[in-house]
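I'll drop the sequence and a predicted model, then ask my questions.
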Amino acid sequence: MKKHNFYAGPSILSEYTIKNTADAILNFADTGLSILEVSHRSKEFQAVIDEAAALVKELLNVPQGYSVLFLGGGASMQFCMIPYNFLQNKAAYLDTGTWASNAIKEAKLFGEVDVVASSKDANYTYIPKDFTVPADVDYFHFTTNNTIYGTEIRHDPDLGVRLIADMSSDIFSRPIDVAKYDAIYAGAQKNLAPAGVTIVIVKDEALGHVERAIPTMLNYKTHIAKGSMFNTPPVLPIYSALQTLRWYRDMGGIEALEKRDMEKAALLYEAIDSSRMFQGTVTDPADRSIMNVCFVMTPEYKDLEKDFIDFAGGRGIVGIKGHRSVGGFRASLYNAMPIDSVRVLVEAMKDFEATR
């Protein structure tokens with residue numbers, strides 16, 4: 001039976017990425033060695049990391065003066081690296097969920113943090129709108145997509161200050177005005193590659209302005225100077241990331257990917273909104289994520305949630321159980337998710353409802 005993978009992360013990868021990565025595990029670049037055992041200092045792997053960085057810049061139209069890094073530690077490591085490198089006096093943060101809250105906690109270890117707004121009062125089911133960012137902050141940090149709660153900010157704010165964003169779960173799903181940002185970071189395991197590598201896009205001239213001493217491994221300048229090779233990088237995830245980036249280019253780039261993603265999300269949201277059995281947890285369409293669609297059973301059908309998960313599983317649908325803090329269901333529609341799988345889920349929802 002074909003599986004339809006809606007897991008929130010680690011998540012679905014394109015067949016192109018999986019096949020090419022599997023081939024490289026057996027024989028990387030005709031070296032007769034596996035990508036798992038090849039030296040990261042070899043010319044063959046240097047070509048991989050160079051092309052991957054170039055494709056990130058090409059796909060996202062990254063301006064001159066920015067570096068692309070491939071680092072370990074996950075996006076959670078960036079929660080401390082960002083303030084270590086950028087927070088001199090005060091930073092502003094927007095609290096829209098668990099990951100934003102964790103970033104705020106880390107930043108408070110380094111200086112004053114102004115949490116300009118929060119949606120915690122409604123279990124993070126909306127994006128705060130009417131807030132003011134002080135003009136004297138070093139940067140404004142926000143999380144673009146909130147995987148647990150199904151909210152998303154799909155624009156680059158104009159706030160009169162420099163921006164820093166965690167784009168772990170929606171990077172490469174829309175055009176980005178990178179010039180507005182001092183840093184963008186993203187863990188790979190949502191929209192790019194297996195877990196183990198984090199992409200960081202950092203403005204070179206924004207670095208070096210904090211007075212504190214920064215540990216070598218936590219200093220972005222260290223990794224820029226060594227081309228992400230100060231220590232052994234996560235070789236396999238970087239190779240997989242390159243395959244995904246090539247696939248994105250061949251699919252038509254970011255605009256084409258965004259169009260596909262919007263179509264998939266519209267299909268599922270329409271099914272939810274027209275149902276008597278299912279309802280979305282994010283009520284404002286402007287705040288709804290097109291990457292992670294969160295929904296629950298209406299109150300009169302609440303006791304059927306497990307039954308639906310079992311019913312969907314019988315059709316090869318996996319990974320739709322919602323996060324424990326929200327409950328219900330979560331369908332993750334990352335770039336590699338084919339629209340046919342979304343159609344299978346919608347059909348399962350309609351068929352299950354028809355029997356009740």
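Thanks, I have the structure now. What you see is a predicted model; the values in this text were computed from it and never measured.

Strands of the stretch 151-300 of the chain, residue ranges please.
Using DSSP state E, counting those that start in this stretch, the strands assigned to the stretch 151-300 of the chain run over residues 151-152, 163-166, 181-187, 198-203, 278-280, 292-297.

Nearest to Ala331 among those strands would be which one?
Nearest of the strands of the stretch 151-300 of the chain to Ala331, taken as C-beta to C-beta: strand 292-297 at 4.7 Å. (Each C-beta comes from the backbone N, C-alpha and C, glycine too.)

Kindly reformat the strands of the stretch 151-300 of the chain as JSON lines and extend each row with mean pLDDT and distance to Ala312.
Listed next are the strands of the stretch 151-300 of the chain as JSON lines, based on pLDDT from 0 to 100; distance: least, C-beta to C-beta, whole Å:
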{"stretch": "strand 151-152", "mean pLDDT": "98", "distance to Ala312": "24"}
{"stretch": "strand 163-166", "mean pLDDT": "98", "distance to Ala312": "30"}
{"stretch": "strand 181-187", "mean pLDDT": "98", "distance to Ala312": "27"}
{"stretch": "strand 198-203", "mean pLDDT": "98", "distance to Ala312": "32"}
{"stretch": "strand 278-280", "mean pLDDT": "97", "distance to Ala312": "12"}
{"stretch": "strand 292-297", "mean pLDDT": "98", "distance to Ala312": "13"}
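
Where do the helices of the stretch 1-150 of the chain begin and end?
Secondary structure of the stretch 1-150 of the chain, counting by DSSP state H, counting those that start in this stretch: helices at 15-26, 43-60, 74-86, 98-107.

so which of these comes closest to Leu268?
helix 15-26 (21.7 Å).

Just the angle for that closest one relative to helix 43-60, thanks.
Angle of helix 15-26 versus helix 43-60, following axes from the mean of the first three to the mean of the last three C-alpha atoms, to 10 degrees, is 170 degrees.

Distance check, the closest residue to Glu106 other than its chain neighbours against Ala331.
In space, Glu106 comes closest to Phe79 once its chain neighbours are excluded; the distance is 4.0 Å by C-beta to C-beta, 6 or more residues apart in numbering. Relative to Ala331, Phe79 is positioned 27 Å away (C-beta to C-beta, to the nearest Å).

Counting neighbours, go ahead and name the busier of those two.
The residue with more neighbours, out of Phe79 and Ala331, is Ala331; 29 against 23, by other C-beta atoms under 10 Å.

Help me confirm that that one is found in a helix?
No - the assignment for Ala331, made by DSSP: H, G, I helix; E, B strand; the rest coil, is strand rather than a helix.

contacting residues for it?
Applying C-beta atoms under 8 Å, 6 or more residues apart in numbering, one finds that Ala331 lies in contact with 6, 268, 292-293, 295, 320, 342, 345.

closest to Ile18 among the residues you listed?
Among those, and counting by C-beta to C-beta, the member closest to Ile18 is Phe6, at 16.8 Å.

from memory the closest one sits against Gly319, does it?
Yes - counting by C-beta atoms under 8 Å, Gly319 is a contact partner of Phe6 at 4.2 Å.

Please enumerate the shared neighbours of the two.
When contacts are counted by C-beta under 8 Å, 6+ apart, Phe6 and Gly319 have Ser332 as shared neighbours.

Out of the helices of the stretch 1-150 of the chain, which gets nearest to Leu33?
helix 43-60 (8.8 Å).

Output that closest one as PDB, restricted to C-alpha atoms.
The C-alpha trace of helix 43-60 is given here as PDB (Å, rounded to 0.1, in the frame of the first residue of the first chain):
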ATOM      1  CA  LYS A  43      37.300  17.900  -3.500                       C
ATOM      2  CA  GLU A  44      34.200  15.800  -4.200                       C
ATOM      3  CA  PHE A  45      32.400  16.900  -1.000                       C
ATOM      4  CA  GLN A  46      33.700  20.500  -1.300                       C
ATOM      5  CA  ALA A  47      31.900  20.600  -4.600                       C
ATOM      6  CA  VAL A  48      28.700  19.500  -2.800                       C
ATOM      7  CA  ILE A  49      28.800  22.200  -0.100                       C
ATOM      8  CA  ASP A  50      29.700  24.900  -2.600                       C
ATOM      9  CA  GLU A  51      26.800  24.000  -4.900                       C
ATOM     10  CA  ALA A  52      24.400  23.800  -2.100                       C
ATOM     11  CA  ALA A  53      25.300  27.200  -0.800                       C
ATOM     12  CA  ALA A  54      25.100  28.600  -4.300                       C
ATOM     13  CA  LEU A  55      21.600  27.100  -4.900                       C
ATOM     14  CA  VAL A  56      20.300  28.600  -1.600                       C
ATOM     15  CA  LYS A  57      21.500  32.000  -2.800                       C
ATOM     16  CA  GLU A  58      20.000  31.400  -6.200                       C
ATOM     17  CA  LEU A  59      16.600  30.100  -5.100                       C
ATOM     18  CA  LEU A  60      16.100  32.800  -2.400                       C
END
